[in-house]
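> Please work out how this folds:
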Amino acid sequence: MALNPKFTFPFVIKACIASLAIEKGKEVHGLAVKARFLRDMFVQNTLMEFYFMCRDVDGGRKVFDKIRC
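You can find the predicted model right below:
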């Protein structure tokens, strides 16, 4: 049974938040972009949470600005 990246990315990003692994979280963000999951609502929300929790308001705002309704 393969893991679905749509559900895996948010959990990995939340693990980065919990462990304060800022650089790893940015790396996971890049992987989400490469894998074309950046438009997924769950990935977007978790990325915003990551950046805001890491006090990177500009990063969180950039993710927010790319969200399309």
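> could you say what helices and strands the stretch of helix or strand residue 58 belongs to packs with?
Assigned by DSSP states H and E, residue 58 belongs to helix 57-65. Judged by 3 or more CB pairs under 8 Å, 6 or more residues apart in numbering; DSSP states H and E, helix 57-65 is in contact with helix 41-53. Bear in mind the C-beta positions are built from the backbone N, C-alpha and C, glycine included.
> List the buried residues for the helix it packs on?
43-44, 46-53 (16 or more other CB atoms under 10 Å).
> Dump those residues into a markdown table; add pLDDT as well.
Below are these laid out as a markdown table (pLDDT from 0 to 100):
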| residue | pLDDT |
| --- | --- |
| 43 | 94 |
| 44 | 94 |
| 46 | 96 |
| 47 | 96 |
| 48 | 96 |
| 49 | 96 |
| 50 | 97 |
| 51 | 97 |
| 52 | 96 |
| 53 | 95 |
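> now, among the residues you listed, which is nearest to residue 66?
Within these, proximity to residue 66 (CB to CB) peaks at residue 44, which comes in at 7.7 Å.
> nearest residue to the closest one other than its sequence neighbours?
residue 67 (5.4 Å; CB to CB, 6 or more residues apart in numbering).
> What helix or strand is the one you found located in?
Secondary structure assignment for residue 67, by DSSP H and E: no helix or strand.
> residue closest to the middle of the protein?
The geometric centre of the chain, computed from its C-alpha atoms, lies nearest to residue 47 (CA atoms, centre = their mean), at 2.9 Å.
> That one contacts residue 29, correct?
Yes: counting by CB atoms under 8 Å, residue 47 touches residue 29, with 5.8 Å between them.
> Find the residues that touch each one of these two.
Common contact partners of residue 47 and residue 29 (CB atoms under 8 Å, 6 or more residues apart in numbering): residue 13.
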